[in-house]
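Asks: Structure for the following, please:
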Amino acid sequence: MGEVPVIDRPQAGEVGKPDEGRRQIAGASRGRAVRRIAFWVIVALVSFFLLAVLLPAYPLIAVNWLPNDAWLAVRPDHGPADVVHRLHSLALGVIAWGMLLGVGLQVHRPDQKLAALLAALAAPIAIAMGEMLTGTYTLAGTAPFIVAILLVAVLHPAARDLVRVPRWNWPMLALAAISAVPWVVYAAGLGKAAHGDVPEWDVEHLTFMAALAILAVLWGVVGASSHRGSQFAAGASLVAAGSIGLQSLIFPGVLSGLSTPWAIAALGWCLAYGGAAVVRVQARNVAG
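Replies: Next up is the predicted model:
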């Protein structure tokens, strides 16, 4: 007779034992699902926090382009002598929107919007730096924003990519570095002015203008990185730098505004940086 084939049978004690590999895969899948749900909940909570706390600032990004009479009509808390503060109000709007959008955009395809989250985190950091320059820093002022956005970063599905050293678009990074020199000088000058004999209201104004100048640089650096969604940060940098330059031209004499040559230089930088960003996007499209 031929040999009887040997059929593998489970050893004693292994009958009905679940597949360890499948169980591990299922456990990992549940863990990812729980983490993603927690991430969405935190994004929603932080977005609501930013919206509620900064609610008065969001309309300012639009109303501060109105002519003086119209601006005073929608800002009943200000008088004719306060029109010089319109640039400060615009800075508040730009910073608030930068944080809210950077976090809120994480609801959909967050792995493609890492740079937006970094841009949001840069905003309270820039405010803290502005406060340090003007001597008004308090931990309670910026810590809640930094902690809240950091929590989003920790739970982010692509959190590891946030701390990896990115590749750089060298033309954009060079332009961001070039802009750092005048913006840092500008912010330092505001800090020096804040230590002089100025009203408390003007010190607050100087603080947020210094923060916006610093943000123009930080957002420009993030926009030059290979982090996914860098277009958001690049666009935010253009808004920050362009708003100061354009407001200074349209409304000369605003507090902390740029002189005409520097305002034109800021807008010229925006054209160069924006052009470099467009070239990078086109190169990516060609590469597939």
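Asks: Low-confidence stretches in the stretch 1-150 of the chain?
Replies: Low-confidence segments of the stretch 1-150 of the chain (pLDDT under 70): 1-31.
Asks: ranges for the helices of it?
Replies: 20-53, 60-63, 68-74, 86-104, 114-134, 139-155 (DSSP state H, counting those that start in this stretch).
Asks: Kindly indicate whether the residue nearest to Leu246 when sequence neighbours are not counted is helix, strand or coil.
Replies: Computed as C-beta to C-beta, 6 or more residues apart in numbering, the closest residue to Leu246 that is not its neighbour in sequence is Leu267, at 6.6 Å. The C-beta positions use only the backbone N, C-alpha and C, and glycine is treated the same way. Three-state call for Leu267 (DSSP: H, G, I helix; E, B strand; the rest coil): helix.
Asks: end to end, how far does stretch 243-262 reach?
Replies: Across its full length, stretch 243-262 reaches 13 Å end to end, with C-alpha to C-alpha, to the nearest Å as the criterion.
Asks: next one: stretch 47-59
Replies: 17 Å.
Asks: same check, this time on stretch 254-268
Replies: First-to-last residue span, stretch 254-268, C-alpha to C-alpha: 20 Å.
Asks: averaged over its residues, what pLDDT does that stretch have?
Replies: On average, the pLDDT along stretch 254-268 is 94.
Asks: buried ones in it?
Replies: Buried residues in stretch 254-268, counted by 16 or more other C-beta atoms under 10 Å: Val254, Leu255, Ser256, Gly257, Leu258, Ala263, Ala265, Ala266, Leu267.
Asks: and that stretch, how far from the chain's centre?
Replies: Centroid separation for stretch 254-268 versus its chain: 23 Å, with C-alpha atoms, centre = their mean, to the nearest Å.
Asks: Any chance you could list what contacts it?
Replies: 83-88, 182, 186, 190, 202, 205-206, 209, 241-242, 244-249, 251-252 (C-beta atoms under 8 Å, 6 or more residues apart in numbering).
Asks: And stretch 214-222, by the same measure?
Replies: So stretch 214-222 is contacted by 94-95, 98, 115, 118-119, 122-123, 125-126, 129-130, 172-173, 175-176, 179-180, 183-184, 187, 230, 233-234, 236-237, 240-241, 244, 273 (C-beta under 8 Å, 6+ apart).
Asks: what's the closest non-adjacent residue to Ala38?
Replies: Per C-beta to C-beta, 6+ apart, closest to Ala38 is Leu155, 5.8 Å.
Asks: I meant to write Trp97 there.
Replies: Ile61 (5.8 Å).
Asks: circling back: now tabulate the helices of the stretch 1-150 of the chain in a markdown table and tack on mean neighbour count and distance to His195.
Replies: Output for the helices of the stretch 1-150 of the chain, formatted as a markdown table (neighbours: other C-beta atoms under 10 Å; distance: least, C-beta to C-beta, whole Å):
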| stretch | mean neighbour count | distance to His195 |
| --- | --- | --- |
| helix 20-53 | 13 | 28 |
| helix 60-63 | 17 | 26 |
| helix 68-74 | 12 | 30 |
| helix 86-104 | 24 | 18 |
| helix 114-134 | 24 | 7 |
| helix 139-155 | 16 | 18 |
